[in-house]
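**Student:** Just a sequence and a predicted model for now, questions to come.
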Amino acid sequence: MSIQQRQDIQTLNIKAEQLNFLMQTIHAHHKDFDCYQLDGLLGLAYELAGSVYSWTETEEKIVLANEDAQRRII
């Protein structure tokens with residue numbers, strides 16, 4: 001089994017920054033939003049969080065596969 005290419009972390013950093021900014025905005029202005037706006041913003045937050053989780057899950061699989069490949073080589 002060959003070594004798999006690791007993912008680019010820059011994309012994850014951007015999504016994490018977007019999620020952080022969105023959560024700060026929701027926290028600071030939650031009283032100004034109506035329920036539909038708040039639902040939309042929370043939906044966006046869940047989408048960003050899901051992207052971060054998906055990235056980390058994929059990266060973990062890549063790292064574990066690479067470790068197994070390294071053990072087989074040695």
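**Tutor:** Noted; the coordinates are in hand.

**Student:** so Pro2 sits right up against Ala69, yeah?
**Tutor:** Rather than Pro, residue 2 is Ser. Yes - with the criterion set as CB atoms under 8 Å, Ser2 and Ala69 qualify as a contacting pair; they are 6.8 Å apart. The C-beta positions use only the backbone N, C-alpha and C, and glycine is treated the same way.

**Student:** higher neighbour count, the two?
**Tutor:** Between Ser2 and Ala69, Ala69 has the larger neighbour count (other CB atoms under 10 Å), namely 13 against 7.

**Student:** Report the distance from the helix or strand hosting that one to the chain centre.
**Tutor:** For Ala69, the element it lies in under DSSP states H and E is helix 35-73. Between the centre of helix 35-73 and the centre of its chain there are 5 Å (CA atoms, centre = their mean, to the nearest Å).

**Student:** helix/strand/coil for Arg6?
**Tutor:** Classification of Arg6 using DSSP: H, G, I helix; E, B strand; the rest coil returns coil.

**Student:** now the residue lying closest to it once chain neighbours are set aside: how far from Gln4?
**Tutor:** Computed as CB to CB, 6 or more residues apart in numbering, the closest residue to Arg6 that is not its neighbour in sequence is Ile62, at 5.9 Å. Distance of Ile62 to Gln4, given as CB to CB, to the nearest Å: 5 Å.

**Student:** cool, Asp34 as well?
**Tutor:** 46 Å.

**Student:** Of those two, give the one with the bigger neighbour count.
**Tutor:** Neighbour comparison, Asp34 and Gln4: the larger count goes to Gln4, with 13 against 7 (by other CB under 10 Å).
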